[in-house]
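Student: return a 3D structure for these sequence lines:
(one chain, ligands or ions: 2)
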Amino acid sequence: MKIGLAVSTADALPSAFVAMRDDLGRCIDRCADLGYDGVEFALRHPSQVDVPRIKRRLSVTGLQVPCISSGQVFAADHLYFTHPDPTVRDQAVERIADMIRLAAEFGAMVNTGRVRGVVHVGEAPETARRRYLDCIHRCADIAEPLGVELIVEPVNRYEVNFVNNCTEGLAIVRECGRRCVRLMPDLFHMNIEDASFRDALTAARDFIGYVHVADSNRLAPGWGHMPFDEIFGILKDIGYDGWITAEILPQPDPDSAARQSVRFLRARFEARLVTQSGH
Ligand code: LER
Ligand code: MN
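Tutor: Ligands and ions are numbered 1, 2, ... in the order given. Model (predicted):
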């Protein structure tokens with residue numbers, strides 16, 4: 001398992017759930033010092049990344065960029081796949097296409113998160129679903145030849161009204177039926193929406209490409225009441241050994257939150273190995 005931290009640029013919206021808002025090169029250096037394996041970039045636009053400079057920082061530190069996420073494309077630019085206006089849907093696809101090309105530079109996935117959109121008042125969920133699937137197929141056409149995976153993240157009902165739990169996420173990933181489109185459970189959202197961590201994660205076991213973690217209150221893991229030991233046990237049982245990225249609030253301050261996350265996640269994960277190997 002590799003541990004990541006979601007970070008963003010200094011001008012990120014307050015609604016971006018990132019522990020660090022800083023120059024991205026500095027974020028990499030700080031995360032390397034703290035013992036992370038990688039950083040997820042939460043971006044509004046791919047032009048925020050100076051590719052040669054970031055590649056140098058990654059090569060010096062040995063860190064990876066496992067994922068580019070796009071929540072600010074929804075929150076700041078209001079571009080999303082279910083928009084009634086086809087021009088806006090085209091712009092959303094274009095922005096995600098640019099993020100896919102950026103992700104290809106780093107061997108990263110692209111989280112399409114809230115860019116999936118919402119079911120508009122007065123419209124049928126089926127209309128949203130049809131628009132969404134059309135857009136995600138167009139993105140997959142670009143991602144597949146570049147070897148980039150697109151991840152679909154169920155997000156709780158207080159943020160969007162479309163694809164809230166892992167069952168719905170799994171259904172849409174299956175319906176999409178593209179190899180490069182995978183599911184990304186986020187424990188914070190699951191804690192609100194899914195009746196059972198075990199049932200939801202087990203049902204999705206063949207489709208999980210990436211995992212977001214936070215404690216029950218979006219603070220660093222260990223500072224709330226998320227049942228991490230149980231969840232790590234389930235992830236082991238289903239054979240998930242990919243990235244676990246902390247998407248947390250910068251409280252009480254960015255470095256304390258980031259330090260707590262990596263220490264806690266590593267310790268609990270290693271404890272799980274010890275327990276399960278019977279030592
Ligand atoms: C994004 O990864 C996420 O989890 C959302 O809550 C952002 O709104
Ligand atoms: Mn998330």
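Student: dump the residue contacts of residue 85.
Tutor: Counting by C-beta atoms under 8 Å, 6 or more residues apart in numbering, residue 85 makes contact with nothing. Any C-beta I mention is one placed from the backbone N, CA and C, and that applies to glycine too.
Student: nearest residue to residue 129 other than its sequence neighbours?
Tutor: In this structure, residue 129 finds its nearest non-sequential neighbour in residue 172, 7.3 Å apart by C-beta to C-beta, 6 or more residues apart in numbering.
Student: helix, strand, or coil at the one you found?
Tutor: Put simply, residue 172 is helix when judged by DSSP: H, G, I helix; E, B strand; the rest coil.
Student: so how far is residue 28 from it?
Tutor: 33 Å (C-beta to C-beta, to the nearest Å).
Student: show me which residues of the stretch 1-150 of the chain sit near ligand 1.
Tutor: With C-beta under 6 Å from any ligand atom as the criterion, the stretch 1-150 of the chain meets ligand 1 at residues 17, 69, 71, 113, 114.
Student: what residue, apart from its backbone neighbours, is nearest the first one spatially?
Tutor: Yep, that's residue 17 we're talking about. residue 247 (5.0 Å).
Student: which outside residues touch the helix or strand harbouring residue 105?
Tutor: Using DSSP states H and E, residue 105 maps to helix 86-106. Contacts to helix 86-106, defined as C-beta under 8 Å, 6+ apart, come from residues 43, 45-46, 49, 51, 54-55, 58, 64-65, 67-68, 70, 73, 77-83, 108-110, 112, 115, 117, 131, 134-135, 138-139, 142-143, 146-148, 150.
Student: could you do stretch 13-22 as well?
Tutor: Contacts for stretch 13-22 (C-beta under 8 Å, 6+ apart): 5-12, 27, 30-31, 42, 44, 71-72, 75-76, 214, 218, 220, 246-250, 254, 257-258, 261.
Student: can you narrow those to ones near ligand 2?
Tutor: residue 247 (C-beta under 5 Å from the ion).
Student: which among the contacts of stretch 13-22 end up buried?
Tutor: Buried residues within the contacts of stretch 13-22, defined by neighbour count using 16 or more other C-beta atoms under 10 Å: 5-9, 12, 27, 30-31, 42, 44, 71-72, 75, 214, 220, 246-250, 254, 257-258, 261.
Student: identify the residues contacting the residue nearest to residue 17.
Tutor: With C-beta under 8 Å, 6+ apart, residue 247 has these contacts: 6, 17, 18, 40, 186, 188, 212, 213, 214.
Student: residue 237 now?
Tutor: Residue 237 neighbours (C-beta under 8 Å, 6+ apart): residue 202.
Student: how close does it get to residue 204?
Tutor: 13 Å.
Student: average pLDDT across the longest helix seen in the chain?
Tutor: Using DSSP state H, we find that the single longest helix of the chain is helix 254-277. Averaged across helix 254-277, pLDDT comes to 84.
Student: in terms of secondary structure, what does that helix contact?
Tutor: strand 2-8, strand 20-21, helix 24-34, helix 228-237, strand 243-246 (3 or more C-beta pairs under 8 Å, 6 or more residues apart in numbering; DSSP states H and E).
Student: which one's more surrounded, residue 172 and residue 28?
Tutor: residue 28 (26 against 19; other C-beta atoms under 10 Å).
Student: ends of stretch 60-74, how far apart?
Tutor: For stretch 60-74, the first and last residues are 33 Å from each other (C-alpha to C-alpha, to the nearest Å).
Student: now do that stretch: distance to the chain's middle.
Tutor: Centroid displacement of stretch 60-74 relative to its chain, using C-alpha atoms, centre = their mean, to the nearest Å, is 9 Å.
Student: cool, and stretch 131-146?
Tutor: Centre-to-centre, stretch 131-146 and its host chain are 18 Å apart (C-alpha atoms, centre = their mean).
Student: do the same with stretch 12-32
Tutor: Per C-alpha atoms, centre = their mean, the centroid offset for stretch 12-32 relative to its chain is 15 Å.
Student: so which residues on the stretch 151-279 of the chain come close to ligand 2?
Tutor: 186, 212, 247.
Student: so the closest residue in space to residue 166 that isn't next to it in sequence: helix, strand or coil?
Tutor: Leaving aside its sequence neighbours, residue 166 sits nearest to residue 200 (C-beta to C-beta, 6+ apart; 4.0 Å). Three-state assignment for residue 200 (three-state DSSP): helix.
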